[in-house]
Every structure is written in structure tokens, then in C-alpha cells.
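Colleague: Fold the following, please.
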Amino acid sequence: MQVTRTLKLKFHNLNAVKAQTFAETTTAYTELANELLKLPIKERKKLTTAQVITPLKSALANQVIRQVKGKAGKRTKEFKLLPPEVNYQNWRLFKQGKTYSISFPTIVGVKRVPIEIKSNHWQLLLDRLLDRDKTISKGTLKLYQKKNKWYALVSLSEEVLSVKATNRVGVDRGQNQIATAVPKQGFGLLFSGKEVKHRRRQFQKRRQQLQKAKKYRAVKKLEQKEQRWMRAVNHTVSRRIVDFADWLNADLVLENLSGCRQTMKQRKKSRADNGESRHAWAYYDLQMKLEYKQAARGRQVHIRPPHYTSKTSSVNGVIGKRNGHWFKCTSGVILNADYNAGRNLAIWDYRSCPIDFERASTVMVEDNISDGVFGSPPNLMNAVKGRVEYVQLSLFDCTYN
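Modeller: Residues are numbered from 1 along each chain as shown. Presented below is the predicted three-dimensional model:
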């Protein structure tokens, strides 16, 4: 498996002269891109640096031409700001003592600038790159400015050995519980969403106050602060889930929640509350973090259909009743609803098969079957003309290994 990650490296003690050089490089880079965008796409594809007049060095001018030829150039009419990008062949990493530095071309030539390494994990990756480890390779470098601070966004690709998993851990995502990671047998991890709901409401209240005072710039800053905080929460949750799965030698199984904001019904009162609103639910961000952290360990994240995961008992496979945080099985067993759904994901993945739920629903209507015993899906494969056996589908049968 190949895992690509981007390191955000801050320049160490950057002086005003170099900062001005970076700003001028960015301006010239954006201006050249906008000039080339005025040309038809067919002419852009034939361009070379010899046909372009620019103060930029050829390495940067070539990269601008590549960008306007590609997808970015096809869907954009004008760039407000285009961060300078350097091809992997034109930037180098150095280390002297404990100090790391990067050299790359700018508008006035190649500059070598020291960088800060805040993560020990990033330091190990950079050391492997300096040692010419064949399992890791360089990508592009981008110059990036935020809040008057300059960063180098460095892309690195790493080859990771695939690990054959012997188990599955089902991860049910929600708002009452941010995530519930459950194996086929044994205990699981539950991450409460109570603190997240409380903080969301605090951010919402503060945002409303700022909007009334017409402090729109402060509103934008507060939104960015909320997003950073939520990403940090998801980083912590995903790391603990991945560690748990690694300990069990397991892959992760998640529900496919794409489009859930449109398909799941919600009252206006809940929709207006950021603690409950599904539009404020960062479920996809958590999924992305789980995927890349699993990939870094050579493991996979499997995405499965969400049908019946919350309605079916993980004890006997029969559809039961959910009441708030609790799920009651027809056998009388009461389970945490999120734990039950997570365990279903872990169990079902061992014997999952392609199922067309819409087709199954159509067949049930045609045969005048409104419901099975205990509300469970009937086994239509074992149906005999004039008689339907109300037994559980093997997919929902959790009573055997």
C-alpha cells in the first residue's frame, strides 16, 4: 500500500526580507497563471517556458504551465491567489546538527530556509528521506501563508506493507456517541458526544451575539476556531480507535453515511440546535482520519450499507425495538443502541453479500408480505408457493460463528 501525507512545516525565525521574497514569488506566480488562463486550452497544452515572459525561474514557470493545463486550469477562470508549487526534483532537504532546512527556487533564485519540526513522527519521516530510504519518496512542495506566517507544505509518499487482518471492528458513528468501536466478541470503546454538543451550543450562542453586533469578521474567526477544535477531537478519537483495532489485528467497518443529512428526518427544533443538528455533525472528517491512519498501518477501512444495523439485535439477529440510547432484543436482552449497531457491523462483514434492498422490498409487496415474525425480514429464498417460512436471513443470523 502507498500512503501519501502532507507535512505542514513552519519556517523558523523567518526574516522580513525572505518573507517579502515569498510574497513577491506568490504574486508573480498568480499573475502568470491568470495570464495563461486567458489562452484557449489547446494553446495552453503546447506552451513551453520559452514562450512565456515572467520574472519567475524556469522551475516555477514550468509548474504554472502544468497547473493551467490540468484540471485546475479547466475549471477556473481566474485565481485570486495561487500558492507557488515546486516539483519534487527542484526542492531539497538538509540537516545540520538538529536543524532541518529546505531549499527551493523563488523569484530571486534558490533560497535555503530552516524549518521547525514539532512532531517526532514527522522527524522520523524526514530522517528516512535523508537516509535515502527507498520506501519513502518526495512529492511537491507548496509555499503557504496564513496569519502572516509562512509554511512549507511538503508531500511525502510512503510504501506500507499490507497487514492481513483476522478480525473486524465495527464503528458506529453518531451524535450521542461520537463513535462506538465494537469487535465481534468482547468489549468496545464508546466516545461520548456530550462535551461536543455542549461546546457546539456555546459556539452557536457566541456566534449569534457577534452577528447581532455585526462583527462578521469575528464570526468567521469563530467558525474557523470551531472547525479546528472539532478536527482535533476527531484526531484523538480516530487515533484511539486505530490503536484498538491494531491491538485486535482488525480492519474497521463503517456505515456508508453519504447523503444522510438529506435522508434522515429531523425536527425544526433539533435542526436549529447545533448540538443536535446533523448539519453540524463532522462524521465524514472522522471517516477520513480513520482511513488514512489505518492505511499508515497497512490496514483497511471497509464501507458497508447502513440498512438494519440499528434495528437488528446483535444477539439473535431479530429486529427489535430501540428506545433512545437503548435497544431491546426480542429475547429480553437490553443493550446500548450504539454498541449493538457497532457489533452488527463487525459480525455482518464476515458473511456480507451483495443485497439489493429495494428489490427485496418490491418482492415483499408483490407477495403481500407486510411483516415477518417480530418484524424480522422473511427468508424469501425458502418461500414455498402459498406458504412463507418466517425464518431469519443468514445475513442477520448472529447465532453461529
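Colleague: And the contacts of stretch 121-137?
Modeller: 7, 9, 88, 93, 95, 100, 117, 138, 156-159 (CB atoms under 8 Å, 6 or more residues apart in numbering). Using the backbone N, CA and C atoms, a C-beta is placed for each residue, glycine as well.
Colleague: same deal with stretch 288-306?
Modeller: 1, 3, 5, 158, 160-163, 165, 168, 171, 234-235, 238-239, 241-242, 245-246, 250-257, 260, 287, 345, 348-349, 352, 355, 357.
Colleague: Now tabulate the contacts of stretch 121-137 in TSV and tack on pLDDT and neighbour count.
Modeller: Shown next, in TSV, are the contacts of stretch 121-137 (pLDDT from 0 to 100; neighbours: other CB atoms under 10 Å):
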residue	pLDDT	neighbour count
Leu7	92	18
Leu9	94	23
Tyr88	93	14
Leu93	95	17
Lys95	94	14
Tyr100	95	20
Ile117	91	20
Lys138	93	16
Leu156	93	19
Ser157	92	14
Glu158	90	18
Glu159	90	13
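Colleague: Inside helices: which ones of the residues you listed?
Modeller: Using DSSP state H, no member of those falls in helices.
Colleague: in a helix, that's where Gln53 is, yeah?
Modeller: Careful, residue 53 is Ile and not Gln. No - assessed with DSSP: H, G, I helix; E, B strand; the rest coil, Ile53 is coil; it does not lie in a helix.
Colleague: pLDDT value on it, please?
Modeller: pLDDT recorded at Ile53 is 87.
Colleague: ok, how many other residues are close to it?
Modeller: 7 (other CB atoms under 10 Å).
Colleague: Glu223 too?
Modeller: By the criterion of other CB under 10 Å, Glu223 has 12 neighbours.
Colleague: Begin at 20 from now on, thanks
Modeller: In the new numbering, first residue 20, that becomes Glu242.
Colleague: How about the contacts made by the closest residue to it other than its chain neighbours?
Modeller: Excluding the flanking residues, the one nearest Glu242 by CB to CB, 6 or more residues apart in numbering is Arg226, at 7.2 Å. When contacts are counted by CB under 8 Å, 6+ apart, Arg226 touches 238, 241-242.
Colleague: Gln164 too?
Modeller: 41-42, 45, 102, 170.
Colleague: change it to 7 Å
Modeller: Applying CB atoms under 7 Å, 6 or more residues apart in numbering to Gln164 gives no contacts.
Colleague: May I see the buried residues of the helix or strand encompassing it?
Modeller: Per DSSP states H and E: Gln164 is located in strand 155-165. For strand 155-165, the neighbour count (16 or more other CB atoms under 10 Å) marks 155, 157-158, 160-163 as buried.
Colleague: ok, these vs Thr49, which is closest?
Modeller: Of all the buried residues of strand 155-165, Thr49 sits closest to Leu162, with 11.6 Å by CB to CB.
Colleague: ok so, going back, out of the buried residues of strand 155-165, which one sits closest to Ile84?
Modeller: Looking across those and measuring by CB to CB, the closest to Ile84 is Lys161, at 16.5 Å.
Colleague: about what we covered before: now render the buried residues of strand 155-165 as TSV, adding distance to Ala80.
Modeller: Output for these, formatted as TSV (distance: CB to CB, whole Å):
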residue	distance to Ala80
Ile155	29
Lys157	20
Gly158	20
Leu160	16
Lys161	16
Leu162	15
Tyr163	20
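Colleague: per-domain residue ranges of the protein.
Modeller: 21-178, 186-325, 374-415 (automatic domain parsing).
Colleague: Go through the ones you listed and pick out the most buried.
Modeller: A comparison of the domains of the chain by mean neighbour count, using mean count of other CB atoms under 10 Å, puts domain 186-325 on top with a mean of 17.
Colleague: before we move on, back to that, filter the contacts of Arg226 down to the ones in helices?
Modeller: Judged by DSSP H, helices contain the following of the contacts of Arg226: 238, 241-242.
Colleague: Just the closest of those to Thr68, please.
Modeller: Glu242 (41.2 Å).
Colleague: now stretch 134-144: how far from the chain's centre is it?
Modeller: 22 Å (CA atoms, centre = their mean, to the nearest Å).
Colleague: Could you tell me the end-to-end distance of that stretch?
Modeller: Separation of the first and last residues of stretch 134-144 by CA to CA, to the nearest Å is 15 Å.
Colleague: One more: stretch 59-76?
Modeller: OK, stretch 59-76 end separation, CA to CA: 24 Å.
Colleague: And the contacts of that stretch?
Modeller: Against stretch 59-76 from outside (CB under 7 Å, 6+ apart): 47-48, 51, 55, 77, 80-81, 84, 87-88, 92-93, 124, 126.
Colleague: Which ones among those lie within helices?
Modeller: Going by DSSP H, the helices hold 47-48, 51, 55, 77, 80-81, 84, 87-88, 92-93 from these.
Colleague: Serialize those to a markdown table and add fields for pLDDT and distance to Ala360.
Modeller: Formatted as a markdown table, the ones in helices among the contacts of stretch 59-76 follow (pLDDT from 0 to 100; distance: CB to CB, whole Å):
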| residue | pLDDT | distance to Ala360 |
| --- | --- | --- |
| Ala47 | 94 | 54 |
| Tyr48 | 95 | 49 |
| Leu51 | 93 | 53 |
| Leu55 | 92 | 52 |
| Ser77 | 90 | 57 |
| Ala80 | 92 | 54 |
| Asn81 | 92 | 52 |
| Ile84 | 92 | 51 |
| Val87 | 90 | 48 |
| Lys88 | 89 | 47 |
| Gly92 | 82 | 45 |
| Lys93 | 83 | 42 |
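Colleague: Tabulate the contacts of Arg226 (a markdown table), appending distance to Pro59 and pLDDT.
Modeller: Listed next are the contacts of Arg226 as a markdown table, based on distance: CB to CB, whole Å; pLDDT from 0 to 100:
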| residue | distance to Pro59 | pLDDT |
| --- | --- | --- |
| Val238 | 41 | 95 |
| Leu241 | 44 | 95 |
| Glu242 | 39 | 94 |
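Colleague: Tell me the one of those nearest Lys340?
Modeller: Looking across the contacts of Arg226 and measuring by CB to CB, the closest to Lys340 is Glu242, at 39.3 Å.
Colleague: and Lys340, backbone torsions?
Modeller: phi -120, psi 140 (degrees, to the nearest 10).
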